[in-house]
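Enquirer: Let's see this in three dimensions:
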Amino acid sequence: MRVVVAGGTGLLGSALIPRLEADGHTVTILSRAPRGPREVAWHPDGTAGEWATALDGADAVINLSGASISEGRWTPDRKAIIDSSRVHPTRSLANAIGQLSRPPAVFISGSAVGYYGPCGDEALTEDSPAGTDFLAGVCNQWEWEAQVASRWTRVVLLRTGLVLHPTGGALPEIVRPFRFYAGGPMGSGQQYWSWIHIEDWVEMVCWALKAEPLDGALNVTAPNPVRNREFAAAVGAVLHRPSWLATPGAALRIALGEMADALLLNGQRVLPARAEWSGYAFRHPDLLPALQALLGRR
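Expert: This next block holds a predicted model:
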């Protein structure tokens, strides 16, 4: 299978591409700063540019584009970057797919559990409605742009939760205070965190490539989301550190602004209903063994 990956040099793409190649697929990467023969330069502005020829003959297109949502305070300029870095590449890819004489069999496009907004203890499946906050609005538009390509191909929308990776993403930042005996819950600790081990994230994407009846939204989360207080206790148990030193919500809001509520203090209890119904077998369904595997403690 020939696979084109946009945003393939980030954390998720760097984990996914070696797996695709190990499975025998040929991978082409769309990158703003190409560094090798398999990478094609692109600067997506919502239209299909010269780079679109890289999609000719592709069997699948995977879109992982998007600036980090946790890099700096959410100023108006930063919010604009978070939004445009997702919407413009997705619109460009959908437009390019529409111009191909032989569209790919599947277009897999990123999204996030932020689609649902803060929902307290409510159990959320792919059929749950979109929220109304900033991240929900971004995800809703992001998905709408991807769904344009459903006129020509199967579209899968990856509503990804908190991806646990041993050296990148949020986990090293979460773990750091625990190493200095200063870890604990954030705010009340009652908010749900919907997480997924990086290995399951990669496996679910590879599974979605081949699961031909599957289209539309897919919650890419472990089947057992936990409250933040439970997450902190699990990290403490794995690292043999205390986990009782809570960080007040007010302090997080002062330090991070609006981002504190959206990413840390509010949560979603997201369930991977479609994956479980379709028979996906999770390798890391429970948090404690997942953290043990990631942080190297048994």
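Enquirer: what's the burial count for Pro129?
Expert: The number of residues packed near Pro129 is 12, by other CB atoms under 10 Å. (C-beta placed from N, C-alpha, C; glycine too.)
Enquirer: and it, which of the three is it?
Expert: coil (DSSP: H, G, I helix; E, B strand; the rest coil).
Enquirer: Distance check, the residue lying closest to it once chain neighbours are set aside against Cys139.
Expert: Of all residues not flanking Pro129 in the chain, Tyr116 sits nearest, at 7.8 Å (CB to CB, 6 or more residues apart in numbering). As for Tyr116, its distance to Cys139 is 8 Å (criterion: CB to CB, to the nearest Å).
Enquirer: Identify the contacts common to these two.
Expert: Common contact partners of Tyr116 and Cys139 (CB atoms under 8 Å, 6 or more residues apart in numbering): Ala130.
Enquirer: Pick out whichever of these two has more residues nearby.
Expert: Tyr116 (26 against 23).
Enquirer: How much space separates that one from Val87?
Expert: Taking CB to CB, one finds Tyr116 at 19 Å from Val87.
Enquirer: for Ala273, same thing?
Expert: 27 Å.
Enquirer: just Val163 next, same as before
Expert: 21 Å.
Enquirer: can you pull the contacts of Val155?
Expert: 106-109, 146-147, 149, 215-216.
Enquirer: which two from the residues you listed end up farthest apart in space?
Expert: Val106 and Gln147 (13.4 Å; CB to CB).
Enquirer: Between those two, which has more neighbouring residues?
Expert: Val106 (24 against 18).
Enquirer: Phi and psi next, for the more buried one.
Expert: phi -150, psi 140 (degrees, to the nearest 10).
Enquirer: Then the one 4 residues further on?
Expert: With angles defined as degrees, to the nearest 10, Gly110 sits at phi -70, psi 150.
Enquirer: My guess is it contacts Pro89. True?
Expert: No - Gly110 lies out of contact with Pro89 (CB atoms under 8 Å); the separation is 9.5 Å.
Enquirer: Could you please give me the overlap between the contact lists of these two?
Expert: 7, 63, 65-66.
Enquirer: which residues in the protein form strands?
Expert: For the chain, the strands defined by DSSP state E cover 2-6, 26-31, 39-41, 60-63, 106-112, 123-124, 154-160, 162-164, 192-193, 195-197, 216-220, 226-227, 269-270.
Enquirer: highest average neighbour count across these?
Expert: Burial of those is given as mean neighbour count (mean count of other CB atoms under 10 Å); strand 60-63 ranks first at a mean of 28.
Enquirer: Would you format the shared contacts of Gly110 and Pro89 as CSV with pLDDT and distance to Ala293 included?
Expert: CSV is the format used below for the shared contacts of Gly110 and Pro89 (pLDDT from 0 to 100; distance: CB to CB, whole Å):
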residue, pLDDT, distance to Ala293
Gly7, 92, 26
Asn63, 98, 28
Ser65, 96, 29
Gly66, 95, 27
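Enquirer: And these, which two are furthest apart?
Expert: Pairwise over the shared contacts of Gly110 and Pro89, using CB to CB, the maximum falls at Asn63 and Gly66, 8.8 Å.
Enquirer: so what sits against both of these two?
Expert: 7, 89, 110.
Enquirer: May I see these organised as a markdown table, with distance to Leu135 added?
Expert: Listed next are the shared contacts of Asn63 and Gly66 as a markdown table, based on distance: CB to CB, whole Å:
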| residue | distance to Leu135 |
| --- | --- |
| Gly7 | 18 |
| Pro89 | 18 |
| Gly110 | 13 |
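Enquirer: quick check, nearest of these to Thr75?
Expert: Looking across the shared contacts of Asn63 and Gly66 and measuring by CB to CB, the closest to Thr75 is Pro89, at 21.7 Å.
Enquirer: Quick check: phi and psi on Asp56?
Expert: Torsion angles, degrees, to the nearest 10, at Asp56: phi -60, psi 120.
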